[in-house]
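Sequence and predicted model, in that order:
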2 protein chains.
Amino acid sequence: MSEKMLPIALSNRHLHLSQEDIETLFGKGYELNKFKDLSQPGQYAAVEKVDIVGPKGTLKGVRVLGPARPSTQIEISLADGFALGVKPPVRDSGDVAGSPGAKIVGPQGEVELKEGIIAAARHIHMHTDDAEKFGVVDKQRVKVRTSGERAIVFENVLVRAHHTFALEMHVDNDEGNAAGVKNGEMVELIIK
Amino acid sequence: MSEKMLPIALSNRHLHLSQEDIETLFGKGYELNKFKDLSQPGQYAAVEKVDIVGPKGTLKGVRVLGPARPSTQIEISLADGFALGVKPPVRDSGDVAGSPGAKIVGPQGEVELKEGIIAAARHIHMHTDDAEKFGVVDKQRVKVRTSGERAIVFENVLVRAHHTFALEMHVDNDEGNAAGVKNGEMVELIIK
């Protein structure tokens, strides 16, 4: 086995909310409640869910991730985009300029999001120590190979190295299913 | 550009029906009506649609493809499988032994399918002349590379060469979305 193995995880549709939008959707002064910790330190799945309403359909019960962020961002798959009736661009997290919006419906109110729906570009979170071990640097693009009957080589995989990150590749449901991988399955980093 | 380019197409969920099941679902002596021809000669999308009912959910309005086949087979994505509550194995068309079943609901009746739900293994249809040109043979496994920001190399791609086939790679919606490809986009055949 190669030395450059790392776990992969499938990201289901989810959203990050600004504190202002949290209060609009859930009530004045509201704070998110932790449902469970995610692999990245400090990040968590919240108890709270909302509905996303697009021109063609609704995604019901979409999970909110915490903590609150400076701006609201919805991450869905291209398949979700068809259901909703929007075309999310494939973008790195935070890069939402010009992306489509939708209505977010919570128990206490609604938010008309002007832009912020993206399909998250596949990426690897890693600690700076992992980056050194693998011989890669932050923002480098690498390839990742999965194994099994649906083996795939993902190209253009963004490396995100930071001393607060834990080693894990993130793909969306379309990508995970296409490769037939399960959460925690080991994949191989390839530097061209 | 490489000489080994071919078009790719996304297969949405669909099913093939035996004549017996057509008559159970649509009525005695019923024959499928052509909606439109598919790329493979003789194959067509039928006007008819049915509902597929699984233990966890229903896929409504699933398109029937014609003509009738010796046995009924349902081809869905892994994402569809989650919605339905079954785990379709990744199989070549016709290889349905031990696969899950479901209830098929038509306007005149229902069929309890014991087995027959698969996720079609990605494959390339090609004329025997194309196979010769590409230097591959029927049943060979090759790789195929897509381009663009979501570039992917699909491994374990089955070559199906026959003098009645037209050149086209078939992937399911999960795989097509994962690669961000559109119907008719050109991809590159790679022989390891």
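Now that the structure is in, tell me what you want to look at. The structure presented is a predicted model; accordingly, all values stated were derived computationally and were not measured.

tell me the domain ranges of chain A?
Following the TED database, chain A resolves into domains at A:5-9+A:122-190, A:13-120.

May I see those domains organised as JSON lines, with mean neighbour count and distance to residue B:91 added?
Where C-beta positions appear, they are placed from N, C-alpha and C, glycine not excepted. As requested, those are arranged in JSON lines below (neighbours: other CB atoms under 10 Å in any protein chain shown; distance: least, CB to CB, whole Å):
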{"stretch": "domain A:5-9+A:122-190", "mean neighbour count": "19", "distance to residue B:91": "9"}
{"stretch": "domain A:13-120", "mean neighbour count": "18", "distance to residue B:91": "21"}
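
can you tell if stretch A:98-112 touches chain B?
No - Stretch A:98-112 is not in contact with chain B by CB under 8 Å from any CB of the partner chain; minimum separation 14.4 Å.

pLDDT of that stretch, averaged?
Across stretch A:98-112, the average pLDDT comes to 98.

about what we covered before: can I get the domains of chain A in TSV with distance to residue B:82?
TSV is the format used below for those (distance: least, CB to CB, whole Å):
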stretch	distance to residue B:82
domain A:5-9+A:122-190	9
domain A:13-120	11
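
closest one to residue B:34 among the ones you listed?
Of all those, it is domain A:13-120 that lies closest to residue B:34, at 25.4 Å by CB to CB.

low pLDDT regions in chain A?
Across chain A, the ranges flagged by pLDDT under 70 are A:1-2.

How about the residues of it by chain B?
A:77-79, A:90, A:121-122, A:149-156, A:171, A:173-175, A:177-180.

what do you get if the cut-off is 10 Å, keeping everything else the same?
A:77-82, A:89-91, A:119, A:121-122, A:143, A:145-156, A:171-180 (CB under 10 Å from any CB of the partner chain).

what about the closest residue to residue A:59 other than its chain neighbours, which SS state?
Nearest-residue entry for residue A:59: residue A:52, 4.4 Å, with adjacent residues in sequence omitted and distances by CB to CB, 6 or more residues apart in numbering or on different chains. Using DSSP: H, G, I helix; E, B strand; the rest coil, the structure places residue A:52 in strand.

hang on, residue A:52 packs against residue A:112?
No - checked against CB atoms under 10 Å, the pair residue A:52 and residue A:112 is beyond contact range at 11.8 Å.

Now list whatever residues contact both of the two.
Common neighbours of residue A:52 and residue A:112 (criterion: CB atoms under 10 Å, 6 or more residues apart in numbering or on different chains): A:102-104.

Please name the nearest non-neighbouring residue to residue A:12.
Residue A:12 sits nearest to residue A:173 (CB to CB, 6+ apart), 5.9 Å away.

What's the separation between residue A:59 and residue A:176?
18 Å (CB to CB, to the nearest Å).

And residue A:186, by the same measure?
According to CB to CB, residue A:186 stands 14 Å off from residue A:176.

sorry, back to before: quick one, which of the domains of chain A gets closest to residue B:191.
Here domain A:5-9+A:122-190 is closest among these (CB to CB), at 15.3 Å.

chain center to that closest one, what's the gap?
Centroid displacement of domain A:5-9+A:122-190 relative to its chain, using CA atoms, centre = their mean, to the nearest Å, is 13 Å.

any chance of the shared contacts of residue A:52 and residue A:112 in TSV, plus secondary structure?
Below are the shared contacts of residue A:52 and residue A:112 laid out as TSV (three-state DSSP):
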residue	secondary structure
A:102	strand
A:103	strand
A:104	strand
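
Name the nearest of the residues you listed relative to chain B.
Here the nearest of these to chain B, counting by CB to the nearest CB, is residue A:102; it sits at 18.7 Å.

Let me know whether the closest one touches residue A:73 as I believe.
No - using CB under 10 Å, residue A:102 is not in contact with residue A:73; the gap is 11.7 Å.

All the helices of chain A, residue numbers only.
Secondary structure of chain A, counting by DSSP state H: helices at A:19-26, A:78-84, A:128-134, A:173-179.

would JSON lines of those with distance to residue B:42 be doable?
Listed next are those as JSON lines, based on distance: least, CB to CB, whole Å:
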{"stretch": "helix A:19-26", "distance to residue B:42": "54"}
{"stretch": "helix A:78-84", "distance to residue B:42": "29"}
{"stretch": "helix A:128-134", "distance to residue B:42": "51"}
{"stretch": "helix A:173-179", "distance to residue B:42": "29"}
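
Those helices: which one's closest to residue B:14?
Of all these, the one in closest proximity to residue B:14, counting by CB to CB, is helix A:78-84 (16.0 Å).

Remind me what that closest one packs against, helices and strands.
Packing partners of helix A:78-84 (3 or more CB pairs under 10 Å, 6 or more residues apart in numbering or on different chains; DSSP states H and E): strand A:44-53, strand A:58-66, strand A:117-120, strand A:168-172, helix A:173-179, helix B:78-84, helix B:173-179.
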